[in-house]
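Student: Sequence and predicted model, in that order:
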Amino acid sequence: MSLQFQNDCGDSVKQAIIEELQNLLSSDTHVLQQAEKRTKQLEYTEGYGVYLSEIIMNQAHELPLRQIAIIMLTRYVENHWTDERDSGEKINGCMASEQAKRTIRNILPNGLYDPNSKIRSSVAHTISTIAATDYPHGWAELFDIIVKCLGGNEDSIHGAMQVLQDFTYDVDQIKELGPVVIPEVYRIFDSEQNYSIKTRVSAIRILKPLFTSIAALITNKEEQSTMMSSILTNFMDKLMYYLSMNSGAGSNFLLRSEIIKVFTHLVTEMPKYIHPFMDRVLPIIWQLLTQIAETYVKVSVNQTEPNPLASGDSEDDDEQTNFQTLIIQILEFINCIVTCSKLRGSIKNVLADLIYITIVYIQLSEEQIEDWEEDPEKFVDDEDDGGVELTVRMCGLDVLLAINDEFGVKAIQPLQEALGRHFNVAEAEKAANNPNWWKIQEACMDAVHGFRDIILEGDSKFDLLNYLTIVRNLLVHQESPHLVGRALWTLSTYSKSDLYNPQMLAEILDVTLCSLSPEKSHILRISAVRTLHGFLQANETSDGEKRTLLVSKLPGFLDGIMALVPGCKATVLALLMEALTIMVKFDADFAYAAQGKVTPLAIAVFLKYAEDPYVLENVQDLIKALCQHKQCLGPLQEKFIPTIVSILALTGEITTEKQDIALDVLNTIVRYTEPPLSSSLLDSAFPAVINCVLHTDDHAVMVAGGECLRSFINVSPEQICTYKNGEGVTCIMQVVATVLLNPMNSEMTAGGKIGRLVITIITKLGSMLGQNVDMLLKAVISKMQNLECLKVIMNLVLIFAHLFLTQMDAVLNFLSTVPGPNGEPAMQFVLTNWLSRQNSFFGIYERKVTTMALCKLFEYGVATQDNRLTTITYKELVDDPSDTRRRTRSVAASTQKWVTIPALVKIFKVLISEYQHFQEGKTDEPLTDSDEEEEDDDAAGNAAKPRYISDLCFDMDEENVEDEQLLQELLKETNYKGDIAENLQKFLTTFTQNEHFATFFEHLNEAERLVLLTKVQQK
């Protein structure tokens, strides 16, 4: 042994480590837990890492023991090799000694020669982990070790390759290792006779991380180009050669997959380097895609021939999986070509052929059909979200969606051409009594759905009538539930079209209703539910005969859905709830007639799936839909509220799990109730909410309770005020002041929308509050102390912003007379917290309201010179203008200083920044890569994609609709109208003419002056 402490004590420690490693392999949970504890103690033993290294190298030990030893050694290296993590966090406990490190570094490389590939791979990972901190300064010989391994036997080459795959390069290492490693990688990859597929695959896998490092670290474009060209000039010919080899060896699927992964990486990350080779690469890819299609259809899709490929336990040996992986990789490569503007033009002339062959690959496989028939949950998951598992079908559909997005209407003619060829083939197969003839028809319908929006726009020249006729004729094939289900759903998605006459619609609806019968397969029944949803969604705004016909069928569909409920699990149940929701929304009379069945179902699902957010969201949507029909409100409350009240009355850790959910549901019911509040809501639910929030220590329950109380106040403030002779106000004040705003509680008790709750209390309850207003605002100020969460601070600032807009003098009086937490005026405390964070606030409503409030406050302060504002100051960190040194981070930090400026000046500076923020929000740059040269004819099909960052951040969901309503109400009480950026621009332009402008201008820095004098005054 290398260390000097080899003795009887050392042997006993080593034996103890071996025993605990064996215990870590135990299936007994208690033994495993005890072993974990003792192993953590042994980590602090001198020589622990060395002993593990020796155990790993000892081939006399069983493989599982050696593998667990590697895992523990890697953990030891991660925790005890240096005294800091990557994040800068200090590690507690003793570090490995330099002697131990040196010994481990000497022992581990021997593992790269181990005959077992699992040991080699794991040792390589540990070596890479050590190298991340030690190479090159602490382990200079590692480079020679890797080079020596590359020149050794196949085992050592594989081991070295594994190290290089995990290796983290820096600039110097790329320049040093590249010229040596790349020729070796090339030699090994090209030595078909000398090395196995596995070893050659390892060589290929080095290229991707190497290219990534070159792109990230070699910033000089000319140097980067030279380096990439030298690599690709040698490699591309061989990569294409081995990709195009017509070899029957199944293992070649793995090699080809890895080659295509390299091409895919270049297309997505470095397209300009692969562009010169595309004329040669694409024909090879196309040939490969078409050659293996027949095998895929016979072996995987239809299983009409036995699979000639071998299956295996490892990735290298499982040729069946590698075959599927190759197809997936080809489709992903094509997808990347379609979405890359530099390369997209290379396929636009072969779109019809590409769509045709892609549809072949999206046919349902026998394996997927079996999975769906065994598990309805998987069927719904796969159909709605594509499923979790990456499949050939999913990748093919992604290609078609990309073609739709990037080519738009230009893809329609190629699509029709591909469909025509497939329909002809299907008819011939059907005539020949091929039992699988329907699969290509089903795939065609799934493919066309991706182009549906363009087709319905009417400018695409797609022959929709002919297509729908073909689909409609498929409904007679009841022996194929997958085909009929897809046909029904397809017909529903186009049902808004004028091509649907009442007779045609009635016929399709009757087939759909028949498909819900209990004797039908669950695939067809679920498809019928999806079809109903499609019909109702497409015809939400329709009237006349279509609507009448749809409404007349709803009771039958309700019975069919209710019969499907028993035995359903979460995902299918959520689908059924979604269908019931749109049925309830579609017709008020039907909703009233159906609520007797629907409401008990909603309660049952709520109780059973309270921990499933997806199912619960659908329950909430159903309740919301029922609440929006007045005649349903009473029966809904009568049945649902007793259940909610009983849940809110529960105590104990286990029983309070559902209380935040129950409060959310109650909030939905209250929110959509019209005044006056019913007896069950006011006399039963309201006190239950108060009691629940006052006695819980669960922050989620507190926040949900606050939101629920806001809805109660919003709906009927008078009833809340008069509840039990004023007890309502007292109870609400107790919840808000002593629970949600209690500074002793976690700051997250003021999460959610505490700002809006306080604003609602003040604006809705008004004069009925009396002295409670002051108490409430004092509680807000107390809560603002020592807060870290920006959202909470923003919500509390929002309260004062709203008051400055609506009750300026009253709030000025309050903040000027009440002391802050440190004895300063509360005005000083609030403005300091506000102004330091205004530029970080988020949310359209919050940002606009706070900005408008600052405008009004500034305008008032300048006009009146009110000493309640003019005496308030703000401390700001600014650059020292007298320092002329070149600006680096260290210099900047040393030359900044704190200055005290009037708070009104800081408000002015913040408003300039806010103007820039809102103006940029209107003219955001499109989300495109500036390096990519967009072709003029590539614009089609992009309309549906988000073009600006704001499109991604602010979807017009229900919450934003509420925000917009609140904002409009607030605007009515102020002089602000229209666009916030325009208001700010006018406001700032007007102020430049003010007599006090020069005083404020002196305090502006260069950037602020530039915005004011160029962007503002130019407009």
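Tutor: Everything's here; your move. For clarity, every value in this text was computed on a predicted model and none was experimentally measured.

Student: check contacts around G820.
Tutor: By C-beta atoms under 8 Å, 6 or more residues apart in numbering, the contact set of G820 is 781, 826, 828-830. Placement of C-beta: from N, CA and C, glycine included.

Student: er, D697 I mean
Tutor: Counting by C-beta under 8 Å, 6+ apart, D697 has no contacts.

Student: okay, the contacts of G820 in a markdown table with distance to E479 next?
Tutor: Below are the contacts of G820 laid out as a markdown table (distance: C-beta to C-beta, whole Å):
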| residue | distance to E479 |
| --- | --- |
| I781 | 73 |
| A826 | 78 |
| Q828 | 80 |
| F829 | 76 |
| V830 | 73 |
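
Student: Max pairwise distance over those residues: which two?
Tutor: Taking C-beta to C-beta as the measure, the contacts of G820 span a maximum distance of 11.2 Å, between I781 and Q828.

Student: These two: which is more packed in?
Tutor: I781 (23 against 20; other C-beta atoms under 10 Å).

Student: my read: that one touches V818, true?
Tutor: Yes - using C-beta atoms under 8 Å, I781 is in contact with V818, at 7.1 Å.

Student: Overlap of the contact sets of the two?
Tutor: Shared contacts of I781 and V818, counting by C-beta under 8 Å, 6+ apart, come down to A826.

Student: Number of residues surrounding L790?
Tutor: Other residues near L790 come to 12 when the count uses other C-beta under 10 Å.

Student: Return the per-residue confidence for it.
Tutor: At L790, the model reports a pLDDT of 92.

Student: Could you tell me which residues make contact with it?
Tutor: L790 makes contacts with 837, 840-842, as judged by C-beta under 8 Å, 6+ apart.

Student: go with 7 Å
Tutor: Residues in contact with L790 (C-beta atoms under 7 Å, 6 or more residues apart in numbering) are 837, 840.

Student: so how far is M702 from it?
Tutor: In this view, L790 and M702 are 20 Å apart by C-beta to C-beta, to the nearest Å.

Student: now swap in L505 and tell me
Tutor: L505 sits 51 Å away from M702, going by C-beta to C-beta.

Student: helices and strands of this protein: which one bottoms out on pLDDT?
Tutor: Lowest on mean pLDDT, DSSP states H and E among the helices and strands of the chain sits helix 949-953, with a mean of 30.

Student: Let me know the helix or strand that the nearest residue to N994 once chain neighbours are set aside is in.
Tutor: Closest residue to N994 apart from its sequence neighbours, by C-beta to C-beta, 6 or more residues apart in numbering: V862 at 6.7 Å. For V862, the host element (DSSP states H and E) is helix 844-864.

Student: burial count for E540?
Tutor: E540: 11 surrounding residues under other C-beta under 10 Å.

Student: where does it land on pLDDT?
Tutor: 90.

Student: For the closest residue to it other than its chain neighbours, give me phi and psi.
Tutor: Nearest residue to E540 in three dimensions, chain neighbours excluded: F586, at 7.2 Å (C-beta to C-beta, 6+ apart). According to degrees, to the nearest 10, the main-chain angles of F586 amount to phi -70, psi -40.

Student: Touching, F586 and L536? I think so.
Tutor: Yes - F586 lies in contact with L536 (C-beta atoms under 7 Å); the separation is 5.1 Å.

Student: Of the two, give the one with the bigger neighbour count.
Tutor: The residue with more neighbours, out of F586 and L536, is L536; 24 against 19, by other C-beta under 10 Å.

Student: Could I get the contacting residues of the more buried one?
Tutor: Shown in contact with L536 (C-beta under 7 Å, 6+ apart): 550, 582-583, 586.

Student: Among those, which pair sits farthest apart?
Tutor: Among the contacts of L536, the pair separated by the greatest distance (C-beta to C-beta) is L550 and I582, at 10.9 Å.

Student: So for those two, which sits in the more crowded spot?
Tutor: L550 (24 against 18).

Student: Give me the nearest residue to N714, chain neighbours excluded.
Tutor: T760 (6.0 Å).

Student: Show me what the one helix or strand that neighbour maps to is in contact with.
Tutor: Assigned by DSSP H and E, T760 belongs to helix 754-760. With contact meaning C-beta under 7 Å, 6+ apart, helix 754-760 is reached by 706, 709-710, 713-714, 736, 740, 776, 780, 795-796, 798-799, 802.

Student: Next: stretch 554-567.
Tutor: With contact meaning C-beta under 7 Å, 6+ apart, stretch 554-567 is reached by 513, 516, 518, 525, 529, 532, 576, 579-580, 583, 587, 590, 594, 597, 601.

Student: Restricted to helices, list those residues.
Tutor: Judged by DSSP state H, the contacts of stretch 554-567 include 513, 525, 529, 532, 576, 579-580, 583, 590, 594, 597, 601 as members of helices.

Student: could you dump the helix or strand harbouring Q99 to CSV, C-alpha only?
Tutor: Using DSSP H and E, Q99 sits in helix 98-107. What follows is helix 98-107, C-alpha atoms only, in CSV (Å, rounded to 0.1, in the frame of the first residue of the first chain):
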residue,chain,number,x,y,z
GLU,A,98,-2.5,15.6,-0.3
GLN,A,99,-0.9,12.2,0.3
ALA,A,100,-4.3,10.5,0.0
LYS,A,101,-5.2,12.5,-3.2
ARG,A,102,-1.9,11.6,-4.8
THR,A,103,-2.3,7.9,-4.0
ILE,A,104,-5.9,7.9,-5.4
ARG,A,105,-4.7,9.6,-8.6
ASN,A,106,-2.0,6.9,-9.0
ILE,A,107,-4.4,4.0,-8.4
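
Student: Name the residues that touch that helix?
Tutor: Residues from elsewhere that reach helix 98-107 (C-beta under 7 Å, 6+ apart): 2-3, 47, 49-50, 53-54, 57, 130, 139.

Student: mind redoing it with 8 Å?
Tutor: Contacts of helix 98-107 (C-beta under 8 Å, 6+ apart): 2-3, 46-47, 49-50, 53-54, 57, 73, 81, 96, 130, 134, 138-139, 142.

Student: Whichever of those end up buried, select them in ChimeraX.
Tutor: Here is the ChimeraX command that picks out the buried ones among the contacts of helix 98-107, judged by 16 or more other C-beta atoms under 10 Å:
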select :46,47,49,50,53,54,57,73,81,96,130,134,139,142
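
Student: and the contacts of helix 98-107, which of them are in helices?
Tutor: Checking those against DSSP H, those in helices are 49-50, 53-54, 57, 73, 130, 134, 142.

Student: Redo these as JSON lines? Include pLDDT and distance to V360.
Tutor: Shown next, in JSON lines, are the ones in helices among the contacts of helix 98-107 (pLDDT from 0 to 100; distance: C-beta to C-beta, whole Å):
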{"residue": "G49", "pLDDT": "92", "distance to V360": "55"}
{"residue": "V50", "pLDDT": "94", "distance to V360": "58"}
{"residue": "S53", "pLDDT": "95", "distance to V360": "53"}
{"residue": "E54", "pLDDT": "94", "distance to V360": "56"}
{"residue": "M57", "pLDDT": "95", "distance to V360": "51"}
{"residue": "L73", "pLDDT": "94", "distance to V360": "49"}
{"residue": "I130", "pLDDT": "93", "distance to V360": "49"}
{"residue": "D134", "pLDDT": "88", "distance to V360": "52"}
{"residue": "L142", "pLDDT": "90", "distance to V360": "49"}
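
Student: Now distance to L289 too, for those, in TSV please.
Tutor: Supplementary listing: the ones in helices among the contacts of helix 98-107 in TSV, determined by distance: C-beta to C-beta, whole Å:
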residue	distance to L289
G49	50
V50	53
S53	47
E54	51
M57	46
L73	44
I130	43
D134	46
L142	42
